[in-house]
Each structure stands twice: as C-alpha cells, then as structure tokens.
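# I'll drop the sequence and a predicted model, then ask my questions.
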Amino acid sequence: MDDGAIAALRDLYSDLEIDGRVLDLCGGGYQYFEVPPDALVEFDGEDRTELPYADAEFDDVVCLLRGLAHPNETLVEVARVLKPGGHFVCSFVGGADDAGRVRKLRKYFDGAPAFGGAESDLRTSLTGSGDRLWAVWAVRRR
C-alpha cells in the first residue's frame with residue numbers, strides 16, 4: 001500500500017472516530033492511525049471461525065482485507081466481540097474488480113442481522129496515480 005492509501009486509511013479511521021479498545025483482524029498496526037486508539041489488539045490472522053475474545057470486548061474492529069475465507073462466520077464473530085454501536089471497518093487496496101468486491105462486502109454486511117446498513121467509499125482518487133483505497137463498514141446494532 002502506497003503513502004497516499006495509508007494517509008486515506010488514517011483519515012477514514014479519524015472520520016469514523018475509531019478509538020478505545022480496537023481489534024485489528026489483519027495486523028496492520030498503529031501506523032494506520034493518525035491518533036492511536038487506547039489499545040490495539042492485533043489478531044494473529046489465523047484462518048479460524050471463532051475469535052478468542054470475550055463478548056463485547058472491543059469498541060471497534062478494523063480489517064485491511066486480503067480476503068475472507070468465511071465472511072458470514074467472520075461477521076457473526078465480529079458482532080459477538082464488538083460492543084453495540086461499534087464499527088466494523090473493512091478496507092482494501094483496489095484490484096481487478098473493485099466495484100464487485102464492494103458490492104459483495106456490502107451484501108455480507110446487509111445480510112448480517114447484527115449490523116446496520118453498510119456504507120462504502122473510495123477514499124483515494126479513482127483516476128489519479130497510486131493505490132486506490134476502498135472501505136466498507138457498518139455499525140453493530142444496539
């Protein structure tokens with residue numbers, strides 16, 4: 001991911017006020033935050049359907065996607081460990097079918113009863129040079 005995409009991800013997390021105790025599912029680390037959260041727990045990234053955390057343990061969950069092997073199960077588990085009102089933010093650097101990937105992610109969120117309607121945004125320029133950063137997110141229902 002280039003510097004422009006990293007800056008766009010930092011802006012996104014700031015805009016959404018990602019803070020408190022944050023679970024990072026893909027191990028991106030503090031470098032992606034303008035203002036670091038109170039605590040950042042980096043998940044080891046193992047492909048498993050259960051997360052080893054307590055119910056409602058996190059204020060927000062972030063994930064810089066490379067792919068989700070079990071998207072529906074992941075959403076159920078994230079909803080379990082996420083406090084009501086918290087964000088689950090999935091972002092990715094563009095590739096061959098950005099619009100299709102965004103639609104697919106929105107469909108997963110919209111099909112998960114624990115989350116409100118999904119939102120999505122291209123956070124960098126579509127026509128400029130550099131990596132395109134896309135994001136899809138939803139809020140855990142109260």
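Arrived safely.

# okay, and for this protein, where does confidence drop off?
45-48, 67-69 (pLDDT under 70).

# Strands along that one, start to end?
With DSSP state E, the ranges of strands along the chain come out as 21-24, 39-42, 60-64, 87-93, 119-122, 133-139.

# mind saving the C-alpha coords of stretch 10-18 as PDB?
What follows is stretch 10-18, C-alpha atoms only, in PDB (Å, rounded to 0.1, in the frame of the first residue of the first chain):
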ATOM      1  CA  ARG A  10      -5.700   7.200   8.600                       C
ATOM      2  CA  ASP A  11      -8.300   9.800   7.500                       C
ATOM      3  CA  LEU A  12     -11.000   7.100   7.400                       C
ATOM      4  CA  TYR A  13     -10.300   5.900  10.900                       C
ATOM      5  CA  SER A  14     -10.200   9.500  12.200                       C
ATOM      6  CA  ASP A  15     -13.500  10.400  10.300                       C
ATOM      7  CA  LEU A  16     -15.200   7.300  11.900                       C
ATOM      8  CA  GLU A  17     -13.700   8.100  15.300                       C
ATOM      9  CA  ILE A  18     -12.200   4.600  15.600                       C
END
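
# mind listing what's buried in it?
Residues 10, 12-13, 16, 18 are the ones in stretch 10-18 that count as buried (16 or more other C-beta atoms under 10 Å). (Each C-beta comes from the backbone N, C-alpha and C, glycine too.)

# As TSV, the strands of the chain with mean neighbour count and distance to Asp110 would be great.
What follows is these, written out as TSV (neighbours: other C-beta atoms under 10 Å; distance: least, C-beta to C-beta, whole Å):
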stretch	mean neighbour count	distance to Asp110
strand 21-24	22	22
strand 39-42	15	27
strand 60-64	25	17
strand 87-93	24	13
strand 119-122	16	11
strand 133-139	24	8
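
# Nearest to Tyr32 among these would be which one?
strand 60-64 (7.3 Å; C-beta to C-beta).

# How far off centre is that closest one?
Computed by C-alpha atoms, centre = their mean, to the nearest Å, the chain-centroid distance of strand 60-64 equals 4 Å.

# That one to strand 87-93, inter-axis angle?
10 degrees (axes from the mean of the first three to the mean of the last three C-alpha atoms, to 10 degrees).
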